[in-house]
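Undergrad: fold the following, please.
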Amino acid sequence: MKVLLLSSPVVQLDFDRIARVPNLGLASLAAHVDDLCTVHVADIHGLKNHREYVSRIVNGYDLVGLTAMSFQYQEALALAKIAKLSGAETVFGGYHPTLAAEEIGESTDAALIDYIVRGEGEEIVIEVAKSVASGKWLESRSAIKGLAYVENDKVVATPAAPTVKNFDAVAADALGVIHRELGVLEHLLGAERLVLGQRQSDRGGEEDFAVVEGDRRA
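TA: Numbers count the residues shown, from 1 in each chain. Predicted coordinates for the structure are as follows:
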């Protein structure tokens, strides 16, 4: 199974007024399923023709994941349409889909979204990847906590998944994916290499961090 995770190309101007950093949220998701499937992260923030770019790279993927806050949601739908035209299934996550899962499932938007991951997805995506890869997705999805999807024209929301307990481990796992996928912002400080990133969770808020020679500095 091949999975493509897309960052949102829509940002508020003050989000990156000092520096543009990789999306650690998507990288952490990728790190959790890296041993279960082929997964790539496309950080399309800043691309001038992001829809054209997605149209060129999306072919051949079985699953395309998108994340959206409310002001990013309409563009995420446009990208989901491109993914669906390529034959991929789509999964949405992030603040807006988490809070509006039932509303989305009852709207015409549901035609572009196969399922929604509600809340923190690092552990949920493991179960999703296992289920899809086994070919038993339709039979087993109701047992996966933290999902929402439409079945027989009705919105099904499984019980909420527990929150992630160890975010330090999540950040550490994500760094390897950032090095491979995103072209992380680096500075050479003598013999030390400083890696900058940003962690963002559905609990709210963002946290910048730096890692020097493997030690996490919040």
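
Undergrad: which residue is nearest the middle of this structure?
TA: residue 26 (4.1 Å; CA atoms, centre = their mean).

Undergrad: once you drop chain neighbours, what's closest to residue 53?
TA: Distances taken as CB to CB, 6 or more residues apart in numbering place residue 47 nearest to residue 53, at 5.5 Å, with adjacent residues excluded. Every residue, glycine included, has its C-beta placed from N, CA and C.

Undergrad: tell me how far residue 5 lies from residue 33.
TA: For residue 5, the distance to residue 33 equals 10 Å [CB to CB, to the nearest Å].

Undergrad: need the overlap of contacts for the two.
TA: Overlap between the neighbourhoods of residue 5 and residue 33 consists of residue 39, taking contacts as CB atoms under 8 Å, 6 or more residues apart in numbering.

Undergrad: neighbour-wise, which of those two wins?
TA: residue 5 (27 against 22; other CB atoms under 10 Å).

Undergrad: doesn't the more buried one belong to a helix?
TA: No - under the criterion used here (DSSP: H, G, I helix; E, B strand; the rest coil), residue 5 is strand, not part of a helix.

Undergrad: touching, it and residue 39? I think so.
TA: Yes - distance between residue 5 and residue 39: 6.8 Å, which falls inside the contact criterion (CB atoms under 8 Å).

Undergrad: shared neighbours, these two?
TA: Between them, residue 5 and residue 39 share these contacting residues under CB under 8 Å, 6+ apart: residue 30.

Undergrad: look at residue 96 and give its secondary structure.
TA: helix.

Undergrad: report all helices and strands that the helix or strand harbouring residue 27 contacts.
TA: Counting by DSSP states H and E, the element that carries residue 27 is helix 24-33. With contacts defined as 3 or more CB pairs under 8 Å, 6 or more residues apart in numbering; DSSP states H and E, the secondary structure elements packing on helix 24-33 are strand 2-6, strand 38-42, strand 63-67, helix 124-134, helix 167-181, strand 192-200.

Undergrad: let's see it at 6 Å
TA: Helix 24-33 sits against strand 38-42, helix 124-134, helix 167-181, strand 192-200, with contacts defined as 3 or more CB pairs under 6 Å, 6 or more residues apart in numbering; DSSP states H and E.

Undergrad: least reliable of those going by mean pLDDT?
TA: Least confidently modelled of the helices and strands packed on helix 24-33 is strand 192-200, at a mean of 44 by mean pLDDT.

Undergrad: what stretches of the chain score poorly on pLDDT?
TA: Per-residue confidence of the chain (counting by pLDDT under 70) places the weak regions at 13-22, 166-218.
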